[in-house]
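Undergrad: task: produce atomic coordinates for the following.
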Amino acid sequence: MDKEMKEKMVLVSQHLLKMLNLAFEAFRKPTEKSLKEAKEVKDRILQDSSALTSFIISKSPPSEKGKGWAKPYLSIASSFDRMTYSIEGILDRLRAKSENHILFSHQAVKEINDIFQEVIRLLEYLPRLIATENKLLGQRIGEEGRSVFEVANVYSEEHEERLIQGVCVPQHSPIYLGVLESLKGVTVHTLEVSGKIVSISSKS
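TA: You can find the predicted model right below:
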């Protein structure tokens with residue numbers, strides 16, 4: 001992969017990791033400062049992602065073969081954008097949680113905390129994978145990503161049980177499930193980027 005392309009992708013993935021860490025910080029202790037800083041990082045990511053897309057297009061030969069070459073790279077840039085919007089979705093729900101003084105049950109807090117940490121660890125691998133194109137690391141991301149989905153689905157089912165038992169408040173449920181789904185969204189697109197990087201590496 002082109003060195004400059006790698007550098008641009010690594011930069012975006014590092015900023016995504018920073019934004020996700022800020023969202024985690026806002027979950028544990030919501031402050032206007034952490035929410036504002038996360039928004040600033042989001043704006044930076046979208047700028048960098050747009051610059052990456054322009055760079056990919058500028059590097060593409062004006063032929064059918066060129067379009068084929070650009071497709072996986074454009075897909076990666078698109079996944080970066082979608083990860084950004086998934087994290088923004090988390091921040092929107094955390095802001096609503098804070099403004100409406102919504103409290104999660106102890107178990108719900110533990111579950112969201114666990115999934116956050118798993119997704120952060122997954123995203124920590126991405127800059128290294130882009131830089132090294134290490135297939136074993138890509139495989140590890142795949143395995144751990146699938147594990148995140150399994151655990152998140154179990155938590156979702158357990159949350160439904162708590163709703164039935166009256167432990168969780170129905171009005172709070174959309175925020176809990178929204179954060180969970182957004183974290184799964186970050187995972188989906190992390191896996192898509194990882195798969196594309198491994199595929200590009202195999203062809204080079």
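
Undergrad: show me where the chain has strands.
TA: Assigned strands in the chain: none (criterion: DSSP state E).

Undergrad: just give me the longest helix of it.
TA: The longest helix of the chain (DSSP state H) is helix 64-99.

Undergrad: I'd assumed residue 57 was in contact with residue 69.
TA: No: in this structure, residue 69 is not within contact of residue 57 by Cβ atoms under 8 Å, at 11.2 Å. C-beta here means a position set from N, CA and C on the backbone, and glycine is covered the same way.

Undergrad: neighbour count: these two, which is higher?
TA: Between residue 69 and residue 57, residue 69 has the larger neighbour count (other Cβ atoms under 10 Å), namely 16 against 13.

Undergrad: backbone phi and psi for the nearest residue to that one once chain neighbours are set aside, please?
TA: Excluding the flanking residues, the one nearest residue 69 by Cβ to Cβ, 6 or more residues apart in numbering is residue 60, at 6.2 Å. Dihedral pair for residue 60: phi -80, psi 130, per degrees, to the nearest 10.

Undergrad: residue 60 - how many residues pack around it?
TA: 17.

Undergrad: what separation is there between it and residue 74?
TA: Per Cβ to Cβ, to the nearest Å, residue 60 is found 9 Å from residue 74.

Undergrad: do the same with residue 153
TA: Going from residue 153 to residue 74 by Cβ to Cβ gives 30 Å.

Undergrad: these two: who's more crowded?
TA: Higher neighbour count among residue 153 and residue 74: residue 74, with 16 against 12, using other Cβ under 10 Å.

Undergrad: run a quick neighbour tally on the closest residue in space to the more buried one that isn't next to it in sequence.
TA: Computed as Cβ to Cβ, 6+ apart, the closest residue to residue 74 that is not its neighbour in sequence is residue 56, at 5.7 Å. Using other Cβ under 10 Å, the number of residues around residue 56 comes to 21.

Undergrad: shaky segments in the chain?
TA: For the chain, residues meeting the criterion pLDDT under 70 lie at 63-67, 204.

Undergrad: you'd agree residue 170 is up against residue 163?
TA: Yes: taking contacts as Cβ under 8 Å, residue 170 lies within contact range of residue 163: 6.4 Å.

Undergrad: in this protein, which spans are helices?
TA: With DSSP H as the criterion, the chain has helices spanning 3-28, 32-59, 64-99, 106-132, 135-165, 173-203.

Undergrad: name the helices or strands packed onto the shortest one?
TA: Right, the one you point to is helix 3-28. The contact analysis (3 or more Cβ pairs under 8 Å, 6 or more residues apart in numbering; DSSP states H and E) places helix 3-28 against helix 32-59, helix 64-99, helix 106-132, helix 173-203.

Undergrad: nearest to residue 6, out of the ones you listed?
TA: helix 106-132 (5.9 Å; Cβ to Cβ).

Undergrad: now stretch 92-102: buried residues?
TA: By neighbour count on 16 or more other Cβ atoms under 10 Å, the buried set for stretch 92-102 is 93-94, 97-98.

Undergrad: need the contact list for the residue nearest to residue 74.
TA: By Cβ atoms under 8 Å, 6 or more residues apart in numbering, the residues touching residue 56 are 5, 70, 73-74, 77.
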